[in-house]
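Asks: I'd like to go over a predicted model; first the sequence, then the structure.
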Amino acid sequence: MNTIITTFQTVFSSYFSLLGWRDLVEIGALSTAFYYSALWLKKDRQKNLLPYFYGYVACILGCHFCELNTLTTFLFIFSPAVAMLFMLMHQQLLQRNLVTLKNITIPSNPNCPDWLASIMKATLKMLSENKDIILLIEHTDAMNPFLQLSESFEAPITDGLISLLFHKLYTPSHMCWLTSTGIVRGINVSFKASWHPSAYQTKTAWIDDAVAYTAKTDALIIFANAQLHNYAVAHSGSIKHDLSMEQAHQLIRKLINYQIPLPKKGLSHGVSSIKKYAQPSP
């Protein structure tokens, strides 16, 4: 065993001794580009192109080691076209990444700093009025290509806006489209390709679409059942049923990595700011 280890050490040391600092820089740059390209392709759950990327690279290496010079040259020349095809097929993910790079921040609303708690309270009020509600929470994967809208919005969630949408404009057989950053994007939303394209006429009709679309994206679909007064949360192709409002709230927070805004912490427990009433003695 020691002989084998010594042999490998000798081979690797002799190989790396031939490399200069320029070679190490080039290897590091190419390795970094390869890694982040594969990581970018892996993030897109809609079109799994990562195996094709690995296959293309394997073909180039195979042709090179087999000394198939014509094929190697052709694959290298054609590689920019392949990269462009990958970018076109991942245009939604690329747009979201470019928007993220701009560091766009949404101003927090002082009336509703904890938008998720506001949403859950609004759904509880809907249940008390014997009305079902289905929420689609978009996380990092773009849902716009899959949806058709009757009314579209792009507004931060506030108590007043949610009350207006849920109680005045929302139709229980459709979905309300939100984002994990606290934005309302649409009301009375439905999927373009659906087992029930017009509306969800029964309390279980939403399940097929929820399983299919949460399996290919990281979105969440929440169903609040007015008859049983419980919640169901769909994520990653599976559904958790018979949840209380608090259980559904905690699960959603965990799945979208939701953090309660700092101004909200402590206030819900009756902790207020300390005022100094005593005057300092002279």
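Replies: Looks like it arrived, so ask away.

Asks: ok, longest helix in this protein?
Replies: helix 21-43 (DSSP state H).

Asks: export the helix or strand hosting Ile207 as PDB, just CAs?
Replies: Per DSSP states H and E, Ile207 falls inside helix 206-216. Output of helix 206-216 as PDB, limited to C-alpha atoms (Å, rounded to 0.1, in the frame of the first residue of the first chain):
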ATOM      1  CA  TRP A 206     -56.100  21.800  -7.300                       C
ATOM      2  CA  ILE A 207     -54.000  18.800  -6.200                       C
ATOM      3  CA  ASP A 208     -53.000  17.500  -9.600                       C
ATOM      4  CA  ASP A 209     -51.700  20.800 -10.700                       C
ATOM      5  CA  ALA A 210     -50.000  21.500  -7.400                       C
ATOM      6  CA  VAL A 211     -48.100  18.200  -7.500                       C
ATOM      7  CA  ALA A 212     -47.000  18.800 -11.100                       C
ATOM      8  CA  TYR A 213     -45.900  22.400 -10.900                       C
ATOM      9  CA  THR A 214     -44.200  22.200  -7.500                       C
ATOM     10  CA  ALA A 215     -42.200  19.200  -8.700                       C
ATOM     11  CA  LYS A 216     -40.600  21.200 -11.400                       C
END
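
Asks: quickly run through the sheet partners of the next helix or strand after it, with directions.
Replies: Following helix 206-216 in sequence order, the next helix or strand is strand 220-225 (DSSP H and E). Sheet pairing for strand 220-225, assigned by DSSP bridges, gives strand 133-138 (antiparallel), strand 230-235 (antiparallel).

Asks: out of those strands, which is closest to Thr204?
Replies: strand 230-235 (9.6 Å; Cβ to Cβ). Heads up, the C-betas are built off the backbone N, CA and C, glycines and all.

Asks: and the angle from that closest one to helix 206-216?
Replies: Strand 230-235 runs at 30 degrees relative to helix 206-216, counting by axes from the mean of the first three to the mean of the last three Cα atoms, to 10 degrees.

Asks: name the SS class of Tyr200, please.
Replies: coil (DSSP: H, G, I helix; E, B strand; the rest coil).

Asks: report the contact partners of it.
Replies: Neighbour list for Tyr200: 134, 173-174, 206 [criterion: Cβ atoms under 8 Å, 6 or more residues apart in numbering].

Asks: where does confidence bottom out across the residues you listed?
Replies: pLDDT across those is lowest for Ser173, at 87.

Asks: state the distance from Pro80 to Gly55.
Replies: 17 Å (Cβ to Cβ, to the nearest Å).

Asks: show residues contacting whichever strand or helix holds Ile187.
Replies: Secondary structure assignment for Ile187, by DSSP H and E: strand 183-191. Identification of contacts with strand 183-191 by Cβ under 8 Å, 6+ apart yields 106, 136, 138, 146-157, 161-162, 165, 169-171, 174-179, 197-199, 209, 213.

Asks: among those residues, which ones are buried?
Replies: When neighbours are counted using 16 or more other Cβ atoms under 10 Å, the contacts of strand 183-191 contain these buried positions: 136, 138, 146-147, 153, 156-157, 161-162, 165, 170, 174-179, 209, 213.

Asks: how much space separates the residue nearest to Asp141 when sequence neighbours are not counted from Trp206?
Replies: The shortest distance from Asp141 to any non-neighbouring residue, by Cβ to Cβ, 6 or more residues apart in numbering, is to Thr217 (3.9 Å). From Thr217 over to Trp206 the distance is 16 Å, taken as Cβ to Cβ.

Asks: compare the two and say which one has the larger neighbour count.
Replies: Per other Cβ atoms under 10 Å, whichever of Thr217 and Trp206 has more neighbours is Trp206, with 25 against 20.

Asks: leaving out chain neighbours, which residue sits closest to Leu178?
Replies: That would be Ile137: by Cβ to Cβ, 6+ apart, it lies 5.1 Å from Leu178.

Asks: can you get me a residue count around the one you found?
Replies: 23.

Asks: run through the residues that contact it.
Replies: Per Cβ under 8 Å, 6+ apart, neighbours of Ile137: 178-180, 219-222, 252, 256.

Asks: any idea how far Val57 is from Val25?
Replies: 21 Å.

Asks: I misspoke; the intended subject was Glu67.
Replies: Counting by Cβ to Cβ, the separation of Glu67 from Val57 is 18 Å.

Asks: if anything else comes up later, I'll come back, but that's it for now.
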